[in-house]
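Q: Here's a sequence, model it:
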Amino acid sequence: MDTCLKLAITKIGDLLLRNKITQDKDGNTITDIELVIPVYQRPYKWTAKNVIQLLDDIIDAKNENKEIYRVGTLILHQEQEGESVYNIVDGQQRTITFSLLLKALGDDSINFLDQPLADNPHNKRNIPNNFRTLGRRVENIIDKGNKKELLDYIKNNCELIVVITGDISEAFQFFDSQNARGKKLYPHDLLKAYHLREMKGLDIAETEKVVKDWEGLEQQELSLLFSDYLYCVKEWTKGNKAWKLTEHNIHKFKGITRQDNFPFAQFYKGAFAYADMVNNSAMPFVSGIRNFNQFQLDTPIIAGKSFFDYAKHYFEILKDIQNNDKYEGYFINDNDIVKTLDLRTYKNGVGNRITRLLFDTAILLYVDRFCPTERPTKMDLEMLDRFVVFAFVWAYSLRAQYYNLGWLSAQNYIMGNNDFTNSFNIYKIITEADSPGSLLSTLSDKVIPLPISCIKAKKHNENEPGENYLYWFKKHKFMEDENGN
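A: Numbering: from 1, shown residues only. Prediction:
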């Protein structure tokens, strides 16, 4: 199929009841339309509030005698020219809602509703609940003539703009541009669209799997991974302050493309390709070596499919680091310091959240640089445990020296731009170290005991393990006594 976009307009009744698109730009009807919700689509998340708002908007348009009421855009991906299957890339929520509305108004001939949907809590809850909500709302329209007029108006006067393409990357690109004109997308959504465009040549099944895996991650956590962790680490390792990840600076995650052939680009693409080749060969199994790590936080990303692998890789490492369960993951397991930091009192408040971010990102960068992400040895984990103490003292020295800690103060502390104890850029030190041993030696000189006179935080229960984080300063001999010892 020609991959250029095909534009059309369809009446809701034609699309959902007569399985056709009313007319394309040349005035031709597109028949035998089989709408399909592909596996990579997000769940149906519209709530009763959303569907009632849509119905009320339609009733208002009808009462205002609007001949045509445009209700949005439907983006479709036709896999094969001449086939009837059209995958919904964007417009799923509205299409399901219109189907439920037509059914609530008494029209049951909707083939679209016969397809099985993914078995997830959103679909199970929202679809039947919204249908019942619409049914109750329709029952409030007592006059049968009014119900029929409303049904006729929805079928014949409500229209969708339809965009059809045979290229799934192009479909997501259009989805990206449409959303950019409307509600603001998260930076990670924009990056998804960009890297899908860089996946030209990948077969449809593999592309769909990539998108499904991406959508399978918790989206709010994925957004935070990029904005609060990966972006900050990228800036801090370069000695820059980190402010906010937006559409204006997401180029930091666009990476090296297939067309980039400068020597530095060839070097990184070559390293990535070699690691990929080894990991997909029998060599690791036969030789007993670990898989090669294909990513490093302070190096460029390879654009396209590898970006999605990159996101999943760091999503899982961060989840491991932030879970202190004794039996879960490799890196942070039943750590006494982290048990204290996980107390509710240290998770509330801006200052506490900033400090924990510094602690977690320092560990993330250390693990990225020095710990194998599969089968770390006992020595690997012992060195990590020693680093965790330094990372804790460094990050929580900042918390201890402020009554009210804000983001600007934290940035200055990281850059070494103030006179506070232990104010230095630990991230640059990590990336400049060539081994865990040399890093720990450097930190042994850089991280110094915290003078009691500098502590502004509350000192209650500081002598009780697990009650106050300052206990761990004393325990590891990183707090001076009243005599400066």
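Q: surely residue 306 meets residue 294?
A: Yes. Counting by Cβ atoms under 8 Å, residue 294 is a contact partner of residue 306 at 7.1 Å. From N, CA and C alone the C-beta is placed, and that goes for glycine too.
Q: quick one: residue 21 and residue 29, what's the gap?
A: 7 Å (Cβ to Cβ, to the nearest Å).
Q: just to revisit the earlier point, so what's in contact with residue 306 and residue 294 at the same time?
A: Shared contacts of residue 306 and residue 294, defined by Cβ atoms under 8 Å, 6 or more residues apart in numbering, are found at residue 272.
Q: circling back: more crowded one of residue 21 and residue 29?
A: Each of residue 21 and residue 29 has its neighbours counted (other Cβ atoms under 10 Å); residue 21 has more, 24 against 14.
Q: ok, now which ones touch the more buried one?
A: 8, 9, 10, 14, 15, 29, 30, 33, 162.
Q: For these, work out which two are farthest apart.
A: The largest separation in the contacts of residue 21, counting by Cβ to Cβ, is between 9 and 33 at 13.4 Å.
Q: Have a look at these two and say which one is more surrounded.
A: residue 33 (23 against 16).
Q: just checking, the more buried one touches residue 87?
A: No. Using Cβ under 8 Å, residue 33 makes no contact with residue 87, being 11.6 Å away.
Q: tell me the mean pLDDT for the longest strand along the chain?
A: Ranked by residue count, the top strand of the chain under DSSP state E comes out as strand 69-78. Across strand 69-78, the average pLDDT comes to 88.
Q: cool, and stretch 453-460?
A: Mean predicted confidence for stretch 453-460 is 75.
Q: just use 440 as the starting number from now, easier for me
A: Okay, using 440 as the starting number, the last item reads as stretch 892-899.
Q: tell me the centre residue of the chain?
A: Closest residue to the average C-alpha location of the chain: residue 661 at 2.5 Å, with Cα atoms, centre = their mean.
Q: show me what contacts that one?
A: 627, 653, 750, 754.
Q: Please repeat the previous calculation with a cut-off of 6 Å.
A: Shown in contact with residue 661 (Cβ atoms under 6 Å, 6 or more residues apart in numbering): residue 627.
Q: helix or strand for it, which one?
A: Taking DSSP states H and E as the criterion, the element that holds residue 661 is helix 658-663.
Q: Who are the packing partners of whatever helix or strand comes next after that helix?
A: Under the assignment DSSP H and E, the closest C-terminal helix or strand after helix 658-663 is helix 670-676. Applying 3 or more Cβ pairs under 6 Å, 6 or more residues apart in numbering; DSSP states H and E, one finds that helix 670-676 contacts helix 789-809, helix 865-871.
Q: Could you save those as CSV and add columns showing mean neighbour count, mean pLDDT and distance to residue 576?
A: As requested, the helices and strands packed on helix 670-676 are exported to CSV (neighbours: other Cβ atoms under 10 Å; pLDDT from 0 to 100; distance: least, Cβ to Cβ, whole Å):
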stretch, mean neighbour count, mean pLDDT, distance to residue 576
helix 789-809, 21, 96, 42
helix 865-871, 21, 97, 55
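Q: Residue 680 is nearest to which of those helices?
A: Closest of the helices and strands packed on helix 670-676 to residue 680 is helix 865-871, at 11.8 Å (criterion: Cβ to Cβ).
Q: Show residues contacting that closest one.
A: Helix 865-871 has contacts (Cβ under 6 Å, 6+ apart) with 675, 676, 678, 737, 801, 804, 805, 833, 881.
Q: shouldn't residue 538 be in contact with residue 552?
A: Yes. Counting by Cβ atoms under 6 Å, residue 538 does reach residue 552; the two are 5.2 Å apart.
Q: joint contacts of these two?
A: Counting by Cβ under 6 Å, 6+ apart, residue 538 and residue 552 have no shared contacts at all.
Q: neighbour-wise, which of those two wins?
A: Neighbour count, other Cβ under 10 Å: between residue 538 and residue 552, residue 538 has more, with 22 against 16.
Q: Tell me where the model's unsure across the stretch 590-739 of the chain.
A: The stretch 590-739 of the chain contains residues with pLDDT under 70 at 607-624, 723-727.
Q: just the helices in it please.
A: With DSSP state H, counting those that start in this stretch as the criterion, the stretch 590-739 of the chain has helices at 607-620, 626-636, 643-655, 658-663, 670-676, 702-718, 722-726.
Q: closest to residue 766 out of those helices?
A: Comparing those under Cβ to Cβ, the one sitting nearest is helix 658-663, at 21.5 Å.
Q: The closest one: which residues count as buried?
A: Of the residues in helix 658-663, 661, 663 count as buried by neighbour count, 16 or more other Cβ atoms under 10 Å.
Q: From the chain's centre, how far out is it? Work that out for me.
A: When C-alpha coordinates are averaged (Cα atoms, centre = their mean, to the nearest Å), helix 658-663 and its chain have centres 4 Å apart.
Q: And stretch 499-514, by the same measure?
A: Using Cα atoms, centre = their mean, the offset of stretch 499-514 from its chain centre is 34 Å.
Q: buried stuff in that stretch?
A: 500, 501, 508, 510, 511, 512, 513, 514.
Q: what's the first-to-last distance across it?
A: End-to-end distance of stretch 499-514 (Cα to Cα, to the nearest Å): 26 Å.
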